[in-house]
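Trainee: need coordinates for the following:
(one chain, ligands or ions: 1)
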Amino acid sequence: MVTPGPALSSTSLRLAALLAAAVLLGSCNDDGGATTALATPGTASPAASAPASTPPTPDGALAPAPPAEPDVDLAMAHIQHLAVAIGPRAAGTAEERAAAEYLGGVLRDAGYEVTLEEFPFEDNFDQSSITLSGGSLEALALRGGADAVATGRLVFAGIGDAAGLAGVTLGGRIVVFDRGVLPFADKVRAAEAGGALAVIVVNNEGGAFRGTLGEAESPLPVVGVAGEHRAVLLAALDQQVTVTANAGAKPGVSQNVVATADGDCEAYLGAHYDSVPQGPGANDNASGVAVVLEVARARIAPGLCVVMFGAEELGLWGSRAYVEQHALDAAQFLLNVDMAGLIDDPIIVGDRGLTSEILAHYQAAGLNSPLQAGMFPPFSSSDHVSFTAVGIAAVTFNSGDDPAIHTPQDTFERIDRESLRVMMVGVDAALTGLLNATAR
Ligand SMILES: [Zn+2]
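Mentor: Purely as a prediction, here's the structure:
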């Protein structure tokens, strides 16, 4: 579903506030000012002669000139606004919406046509647990089991085959099975047949697991626990425990901020602006948003589009919605930025060909950037994946590992201005090089 954005507040007020914030930031820095000389990649900025060539607006006044270069102090001010003034921006919240409107305003002021495009998402949760006399264990509900709570004495029945079940009283008890050999549904059926109240399946290796009963459904709560908990459970046999299976999906609505310069989208800049609920998301990913905003403001050009994605942290919902809602026939590439505020082994992740092209542009421009081709750790991902999935060359710029992301410690104070500047120069040089290479 596509909805037009709401009316946004006054241009001049917002820019004035931002500039004031940037000056304040600048004056706190050791270099004593808000000077923002960026290492310019080889090509001249198309905006360099902006004041003279800026077309008059319909009422005859000159539109504000785009900045000649991305501004690192304004980028710091954007991060401060998102992570401090707004704070945590969890998908579907009023704070996420406020962030979207702020980004829309900045991009509109820069000359883009901006739309807030809403999309539905689901927030999968699992708050299942096992409560013992000494404390509680985290558990994950098996799909097909009941969302329910049961209390009873604990018994152990092996893997749930005849040998395991032999001589075990299941009636009115909570049964512990080892995972393996038999399908989950068979173990649960045996527990039901014996009159058990709930089922716990212990993983046959370290860590938790997500399981399903397949086609089967059970009236019993059925949970799985990490293999590490086996000893604790076996030590609690015959004691009273409570099993809670509580999992599901909460629906919500988020929005992408979509900004188009002129014509079909050939080149994309992207970044997600939502955060996890428990942290202000300064590095992840107000920093990436700030880099994209400032590069987008300086490099506005026909065919350039900017998408700020919502609900990324819950599973790339925004980027998946965007590629579903739009024909991307003209799209040539996406440069996505996810974490740009603390350099530690900075990488470009995603399409190998596009990455090589970017690194070649750095070389041609004489830019000595620390950015290298790299990969995310297992189970980590970002919005470029949604674009590569539909055949568009896409990469994510990432400043490297940061143990504070997804915690309350991911704060504005930790953002390193020099890291941000280096990442901004890298993204800017990549965009400039690629745009020049594909110039019509
Ligand atoms: Zn992120």
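Trainee: quick one, grab the pLDDT at the residue in the stretch 1-150 of the chain that the ion sits nearest to.
Mentor: In the stretch 1-150 of the chain, the residue that lies nearest the ion is residue 89 (11.4 Å; C-beta to the ion). (Glycine included, C-beta is placed from N, CA and C.) On pLDDT, residue 89 comes in at 98.
Trainee: tell me if it really is in a strand.
Mentor: No: the assignment for residue 89 by DSSP: H, G, I helix; E, B strand; the rest coil gives coil, which leaves it out of any strand.
Trainee: contact residues of this protein facing the ion?
Mentor: Applying C-beta under 5 Å from the ion, we find that the chain lies next to the ion at 284-285, 338.
Trainee: my read: residue 293 touches residue 77, true?
Mentor: No: the criterion here is C-beta atoms under 8 Å, and residue 293 misses it with residue 77 at 10.0 Å.
Trainee: neighbour count winner among those two?
Mentor: residue 293 (28 against 23; other C-beta atoms under 10 Å).
Trainee: what about the helix or strand encompassing that one, average pLDDT?
Mentor: Element membership of residue 293, judged by DSSP states H and E, is helix 287-298. Averaged across helix 287-298, pLDDT comes to 98.
Trainee: stretch 163-178 now?
Mentor: Mean predicted confidence for stretch 163-178 is 97.
Trainee: start and end of that stretch, how far apart?
Mentor: Length of stretch 163-178, first residue to last, C-alpha to C-alpha, to the nearest Å: 13 Å.
Trainee: one step back: tell me what the helix holding residue 293 is packed against?
Mentor: When contacts are defined as 3 or more C-beta pairs under 8 Å, 6 or more residues apart in numbering; DSSP states H and E, helix 287-298 sits against helix 72-80, helix 94-109, strand 267-272, strand 304-309, strand 333-337, helix 417-437.
Trainee: as TSV, those with distance to residue 297 and mean pLDDT would be great.
Mentor: Output for the helices and strands packed on helix 287-298, formatted as TSV (distance: least, C-beta to C-beta, whole Å; pLDDT from 0 to 100):
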stretch	distance to residue 297	mean pLDDT
helix 72-80	8	98
helix 94-109	7	98
strand 267-272	11	98
strand 304-309	10	98
strand 333-337	14	98
helix 417-437	11	97
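Trainee: a markdown table for these, including distance to residue 244?
Mentor: As requested, the helices and strands packed on helix 287-298 are arranged in a markdown table below (distance: least, C-beta to C-beta, whole Å):
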| stretch | distance to residue 244 |
| --- | --- |
| helix 72-80 | 40 |
| helix 94-109 | 30 |
| strand 267-272 | 32 |
| strand 304-309 | 34 |
| strand 333-337 | 39 |
| helix 417-437 | 43 |
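Trainee: need the contact list for the closest residue to residue 351 other than its chain neighbours.
Mentor: The shortest distance from residue 351 to any non-neighbouring residue, by C-beta to C-beta, 6 or more residues apart in numbering, is to residue 393 (4.3 Å). Listed by C-beta atoms under 8 Å, 6 or more residues apart in numbering, the contact set of residue 393 reads 332-334, 351, 353-354, 387.
Trainee: 6 Å - rerun?
Mentor: Residue 393 sits next to 333, 351, 354 when contact means C-beta atoms under 6 Å, 6 or more residues apart in numbering.
Trainee: who does the first one form a beta bridge with?
Mentor: So the one you mean is residue 333. residue 267, residue 393 (DSSP bridges).
Trainee: tally of neighbours for it?
Mentor: Burial of residue 333 is recorded as 25 neighbouring residues (other C-beta under 10 Å).
Trainee: before we move on, what about residue 167?
Mentor: Other residues within reach of residue 167, judged by other C-beta under 10 Å, total 7.
Trainee: and it, how far is that from the ion?
Mentor: Plainly put, residue 167 is 53 Å away from the ion if you go by C-beta to the ion, to the nearest Å.
Trainee: can you give me the strands in the stretch 101-250 of the chain?
Mentor: 113-126, 129-132, 135-138, 140-141, 149-156, 173-178, 198-202, 222-225, 240-244, 247-260 (DSSP state E, counting those that start in this stretch).
Trainee: I'd like those as CSV, with mean neighbour count appended.
Mentor: Below are the strands of the stretch 101-250 of the chain laid out as CSV (neighbours: other C-beta atoms under 10 Å):
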stretch, mean neighbour count
strand 113-126, 17
strand 129-132, 19
strand 135-138, 14
strand 140-141, 23
strand 149-156, 18
strand 173-178, 25
strand 198-202, 26
strand 222-225, 26
strand 240-244, 20
strand 247-260, 20
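Trainee: redo those as a markdown table? Include distance to residue 412.
Mentor: Shown next, in a markdown table, are those (distance: least, C-beta to C-beta, whole Å):
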| stretch | distance to residue 412 |
| --- | --- |
| strand 113-126 | 25 |
| strand 129-132 | 35 |
| strand 135-138 | 32 |
| strand 140-141 | 34 |
| strand 149-156 | 42 |
| strand 173-178 | 47 |
| strand 198-202 | 43 |
| strand 222-225 | 38 |
| strand 240-244 | 38 |
| strand 247-260 | 21 |
